[in-house]
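Student: Predicted model and sequence below, questions to follow.
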Amino acid sequence: MRCVLQRVSQARVEIDGEVVGSIERGLMVLVGVGQGDTEKDCLALADKTAVLRIFPDEDDKMNRSLLDVQGQALVVSQFTLLADCRKGRRPAFTAAAAPDLATELYERYCQRLREQGIDVQTGVFAADMQVHLTNDGPVTILLESP
């Protein structure tokens, strides 16, 4: 499982011009579920997302977590994070999980964040979405399960 975390001052997801998810200060999270990923992987990455200290404190040091700053999360499924570009010019997506498993673990990731008190907004699984964000910092972190 792979998650790209982007610290944002705002972010939103649109489908056909309609906003389906929107946040202010927090994290834009792109989630890619791979074959063989488990609920254990999902929960570990959600827990890490909530407590990773990537927000500034009063001394402008990255010492605060999403929980500490009471930030929001906009979580979007992104199977293209599992792209294999080692051969040829067209990415292969054979490492991506089947849609049923990917949906289950994506939704469980969101649920785990909510269980910790985080306001979670989402895109729509497998939809053609337009993502708009203001990356704050910029800060972008890649999390991967083993």
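Tutor: Noted; the coordinates are in hand.
Student: Can you name the next helix or strand after the helix ranked longest in the chain?
Tutor: When the chain is scanned for its longest helix (criterion: DSSP state H), the result is helix 99-115. Using DSSP states H and E, the helix or strand that follows helix 99-115 in sequence is strand 119-122.
Student: Helices along the protein, start to end?
Tutor: Going by DSSP H, the chain shows helices at 39-51, 99-115.
Student: Which strands or helices does the shortest one pack on?
Tutor: Same thing as helix 39-51. strand 2-15, helix 99-115, strand 130-144 (3 or more C-beta pairs under 8 Å, 6 or more residues apart in numbering; DSSP states H and E). (Glycine included, C-beta is placed from N, CA and C.)
Student: Need the contact partners of the last one.
Tutor: When contacts are taken as C-beta atoms under 8 Å, 6 or more residues apart in numbering, the neighbours of strand 130-144 outside the stretch itself are 1-15, 25, 28, 45, 48-49, 52, 54, 62, 74, 76, 123.
Student: For it, list every residue counted as buried.
Tutor: Within strand 130-144, the residues that count as buried by 16 or more other C-beta atoms under 10 Å are 131, 133, 136, 143.
Student: Quick one: these as JSON lines, columns for pLDDT too.
Tutor: Converted to JSON lines, these look like this (pLDDT from 0 to 100):
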{"residue": "131", "pLDDT": "97"}
{"residue": "133", "pLDDT": "98"}
{"residue": "136", "pLDDT": "97"}
{"residue": "143", "pLDDT": "97"}
